[in-house]
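Colleague: predicted model, plus sequence, below.
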Amino acid sequence: MGSILEVRDVSHRFGGLQVLKGVSFDVAPGSITGLIGPNGAGKSTLFNIISGFLTPSVGDIVFLGQTTTDRGIAARSRAGLQRTFQTPQVFRDLTVRENLVAGCHMRGRTGVLEAFFGLPNVRREMADARRRADEIIERFDLGPWREIPAGELPAGRQRMVELARAVMCEPKLLCLDEPSSGLSTTEVQTLMETLERLNADGMTVLLVSHDMKLMEVTSMVHALCFGEIIASGSLHAMRESPRVREAYLGT
Amino acid sequence: MTVSPDTQRARAWTWAITAAGLVVWAALPWFLSRGTIDILVFAGLYTIAGLGVSFLLGQCGIVSLAQSGFYGIGAYAAAYGTTALGLPIPVGIIAGMVVSGAIAAAVGIPVLRLSGHFLALATLALAIIAHVLFLELEWLTGGTLGIGGIPRIALFGFTFSTPFRFYYLVWPCAFALILFYTLLLNSRTGIALRAMRDAPAAAAVAGIPITSLKVRIFVLSAAVGSLAGSLFAHYVSFISVDSFAIDRAISFLLIAVLGGVRSIPGTIAGALFVTAAPNYLSRLGDIHPILFAVALIVAVIFLPGGFGGFVSSTWRRLTAGPRPSATGGP
């Protein structure tokens, strides 16, 4: 198989403002691909286009060999694309475990009426979902907070809940938007270990961040500046690249 | 899975209180006047219709003023089906639920994409249109003259002909629906509903089909409202268009808000208030609508979560032990 995700010549403008100018790159299966760039480079816009929150003015998003540019958010999610948000979006009133159960909603087969009458298959499905949630909770060390409403947790832990929820459905591609923002140094370390473990289990990750420390987990990095990819390569090559240093590191 | 002693204690108390409540419920009509039992029957009917509105508002964030329309469809389906077409009673009731559900689906698909005030206005328009149609379609509804001679419901030769008897029909229906809505709330579908209420964008990413789920819950709510209307028609045996006006839609919404939209059993309290309060206040003379309005305002100010919200927060305080800290741990 070729790439998991292909971004093909994507341009986007908000009114008179050209935010992306013909961006193209691939995400290889099994990789952790990074997307770096200073504030205002167009990272978030590109990320919203990939996850279906925005339709690009020009260009295509190809996911698992299929053009998904015009497909909705939920349809992409069912196809195996998951994302997190720059500000963690947990389901505040739901417990940590319920958050995870909601995360794999699409795997359910039972409908509203079956749930209304409490048929046995609904309970079975719920028990399966809970079991799976408990496994992931253990993997993410969230055990002590299992029954606590996610909205009551501090930001760093909400981020882990969001990540755990995204993993529930074993996505083919996990897209993370600034996952280290608001985390302490030790929390970033834990996040990096978690990402490496997920990747070792075969998950492909697309990481958008300006945190160069976090980028150490990547195998391939694309640098975005003023809506254009200015360099691609390993993190080491990025650090050496004069263009990146000038645009991004400011040295 | 292990259950903590606190949870066990809370469960035991819940069962004990439920059992005591059922004993009181079963004994109550033997000590009350016919008029009071009649009020309790209406509270039961309104609980059923209000449940649909409450769940829709509390779990999906949809303000529905359309329930009086579905209540009317249920009533007319029961009345026309049994008197003009000679259909068996259950067929009329089911026909009403199917028609209401179909209308809710047809209207819900475009309307439920709206949100907030626009959605509330759209459902209000729906109730007004339904009321006008009930008035104009005289061949079906009898217009202002209404339809009389609607047969009473009979089961195994027992006819639910008096308030006393109907009390034992309507409340088990209401209790069953409370149970069903509670099952729905605790199912994966219920979790998905609460998820999309909390964070719609993240819910979409989790693959939750937001609009489609909202439409399904709206259809369910309409069918439940229709059931209440059918039971009402068979209880009073005469219906006219006056019973399905906008003030009825507002009563149903009030029941939901007063009962507490996040609480399913709270709907009973809301329905009791809306049926009993005007009745008792009217004994104080012409000032009673103002007193009712004051009572409403006081209730909303002091019980923002409704009666149900008040009870459940008190309940949590009484039963729960110290909670594990949200920030502590390894």
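Modeller: Ah, there it is.
Colleague: so where does B:I301 fall, helix or strand?
Modeller: For B:I301, the host element (DSSP states H and E) is helix B:288-302.
Colleague: buried residues of that helix, list them for me.
Modeller: Residues B:H288, B:L291, B:F292, B:L296, B:A299 are the ones in helix B:288-302 that count as buried (16 or more other C-beta atoms under 10 Å in any protein chain shown). Heads up, the C-betas are built off the backbone N, CA and C, glycines and all.
Colleague: which one of the residues you listed is nearest to chain A?
Modeller: B:A299 (23.3 Å; C-beta to the nearest C-beta).
Colleague: quick one: contacts for the closest one?
Modeller: B:L258, B:F273, B:F307 (C-beta atoms under 8 Å, 6 or more residues apart in numbering or on different chains).
Colleague: find the nearest non-adjacent residue to the last one, please.
Modeller: Leaving aside its chain neighbours, B:F307 sits nearest to B:A269 (3.7 Å; criterion: C-beta to C-beta, 6 or more residues apart in numbering or on different chains).
Colleague: for B:G308, see how far away the one you found is.
Modeller: 7 Å (C-beta to C-beta, to the nearest Å).
Colleague: can you count the residues close to the residue of the stretch 101-250 of chain A found nearest chain B?
Modeller: Closest residue of the stretch 101-250 of chain A to chain B, C-beta to the nearest C-beta: A:M106 (3.2 Å). By the criterion of other C-beta atoms under 10 Å in any protein chain shown, A:M106 has 15 neighbours.
Colleague: ditto for A:G40
Modeller: A:G40: 12 surrounding residues under other C-beta under 10 Å.
Colleague: sorry, back to before: now the common contact residues for B:A269 and B:G308.
Modeller: What both B:A269 and B:G308 touch, as defined by C-beta under 8 Å, 6+ apart, is the set B:G259, B:G260.
Colleague: tell me the contacts of A:R78?
Modeller: So A:R78 contacts A:M106, B:G207 (C-beta under 8 Å, 6+ apart).
Colleague: pull out the buried residues from the helix or strand containing B:V311.
Modeller: Under the criterion of DSSP H and E, B:V311 resides in helix B:306-319. Within helix B:306-319, the residues scored as buried using 16+ other C-beta under 10 Å are B:G306, B:F307, B:G308, B:G309, B:F310, B:V311, B:S312.
Colleague: pLDDT check: weakest of those?
Modeller: When the buried residues of helix B:306-319 are sorted by pLDDT, the bottom entry is B:S312 at 82.
Colleague: re the thing from before, reformat the buried residues of helix B:306-319 as JSON lines; add distance to A:G111.
Modeller: Compiled in JSON lines, these are given as follows (distance: C-beta to C-beta, whole Å):
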{"residue": "B:G306", "distance to A:G111": "29"}
{"residue": "B:F307", "distance to A:G111": "31"}
{"residue": "B:G308", "distance to A:G111": "27"}
{"residue": "B:G309", "distance to A:G111": "29"}
{"residue": "B:F310", "distance to A:G111": "34"}
{"residue": "B:V311", "distance to A:G111": "31"}
{"residue": "B:S312", "distance to A:G111": "28"}
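Colleague: for A:I50, state which of those residues is nearest.
Modeller: Closest approach to A:I50 among these (C-beta to C-beta): B:G309, at 40.9 Å.
Colleague: so how far is chain A from that closest one?
Modeller: Plainly put, B:G309 is 13 Å away from chain A if you go by C-beta to the nearest C-beta, to the nearest Å.
Colleague: helices of the chain, residue ranges please.
Modeller: Went with chain A since none was named. Listed in chain order, the helices of chain A (DSSP state H) span A:43-51, A:73-79, A:96-103, A:112-116, A:120-139, A:155-167, A:185-200, A:235-240, A:242-244.
Colleague: was after chain B, sorry
Modeller: Counting by DSSP H, chain B has helices at residues B:5-27, B:34-60, B:67-83, B:89-111, B:116-136, B:138-141, B:163-186, B:188-198, B:200-205, B:210-236, B:246-259, B:266-281, B:288-302, B:306-319.
Colleague: state the mean pLDDT of the third one.
Modeller: In this case it means helix B:67-83. 96.
Colleague: thinking again about what came up before, could you give me the average pLDDT of the helix holding B:I301?
Modeller: Mean predicted lDDT for helix B:288-302 stands at 83.
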